[in-house]
Each structure stands twice: as structure tokens, then as C-alpha cells.
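Sequence and predicted structure are below.
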Amino acid sequence: MDTEGGWNLRLDHIAFAVKDLEESSRFYRDVLGLKCSRPEAVPEQKVRLAFLELGEVKIELVEPSAPDSPIARFLETRGGKGGIHHVCLAVEDLDAEMERLRAKGAAFITERPRPGSRGSRVAFIHPKSSGGVLIELCERR
């Protein structure tokens, strides 16, 4: 979709925080019949994840790989129960998009993009900027 100013954004995935990646994957794969990617570790974010194919949009299952992972903290605040963690928008030029959004008052969790899954670069818009929703921006190379 074209957004104001000609920037292109599209929904890439919706992420679910889960306690057990294998157990959660089985439900989506075996019960719902979705194709599931191989689990992937993202050490910089202290998570393991897998993607489920759902047309052009994916579901990302994210499991903490360390007790101090942001996903572990998210699960802890929810009494150990999983749930929707964030929405990811694909962007063509992450640096330019961050600059554009900062100029409009958006705050980011980190100042610079960081490595994401499958060779991507990602940045998270702080929920205080978006009415309580964690939004990830993702640039795939």
C-alpha cells in the first residue's frame, strides 16, 4: 500500500510469543495445516523463531532462548501465557523510514537497526509512539 509521501509499507508478519516453539508449531502445522519453516536462532535478540505461511502474510512464532530475552519478559508479564507480541511492516529502506518516522515524532526502542531473521535488518517502534502496539519495521535484503 502506498502511504503518505509515497513510502511503501506492507504487512509482513504478526508475531506470537510462545513458551515452546515445537509445541506451538505442531498446532499450526498439524491442526491448521500451515507450512512451517525450520526453527531459526536470532542470538542478537535472544530468541528462536519459525514462520508459518499464510498467503502473503506470515505468522512468526517467537520463543525466548535466554531468561533475559525481551520475549521471556513479555511472557512473564502475562503469567507465562503467550500472545500477540508485535506486528511487522516490511519497508524498502529501513534507515530512510526510521528518519522519516522520527521526524514525525516516533520513538524507537534502539537507535539503529539490528540483525533480524533470514538476513534482515529490523527496528522496533516503541509502543508509547503507537498507542501501545509494538511495531517492527523490517528490511529484507
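That came through fine. It should be emphasised that the depicted structure is a prediction, and the values quoted were computed from it without experimental measurement.

which residues of the protein score low on pLDDT?
For the chain, the stretches flagged by pLDDT under 70 are 1-7.

Return the distance of the residue nearest to residue 10 when sequence neighbours are not counted relative to residue 67.
With Cβ to Cβ, 6 or more residues apart in numbering as the criterion, residue 10 has its nearest non-adjacent residue at 5.1 Å, and that residue is residue 90. Bear in mind the C-beta positions are built from the backbone N, C-alpha and C, glycine included. Distance, residue 90 to residue 67, using Cβ to Cβ, to the nearest Å: 31 Å.

between the two, who's got more neighbours?
Between residue 90 and residue 67, counting by other Cβ atoms under 10 Å, residue 90 is the more crowded of the two (17 against 9).

contacting residues around that one?
9-12, 138-140 (Cβ atoms under 8 Å, 6 or more residues apart in numbering).

Across the sheet, point out what pairs with the residue nearest to residue 10.
In this entry, residue 90 is beta-bridged to residue 10, residue 138, by DSSP bridges.

still on that earlier bit, how about TSV for the contacts of residue 90, with distance to residue 27 and neighbour count added?
As requested, these are arranged in TSV below (distance: Cβ to Cβ, whole Å; neighbours: other Cβ atoms under 10 Å):
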residue	distance to residue 27	neighbour count
9	30	14
10	27	13
11	22	13
12	22	21
138	25	20
139	30	19
140	27	15
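
just to revisit the earlier point, what about the residue nearest to residue 10, distance to residue 121?
11 Å.

Report the set of residues contacting both of those two.
Residues touching both residue 90 and residue 121 (Cβ under 8 Å, 6+ apart) are 138-139.
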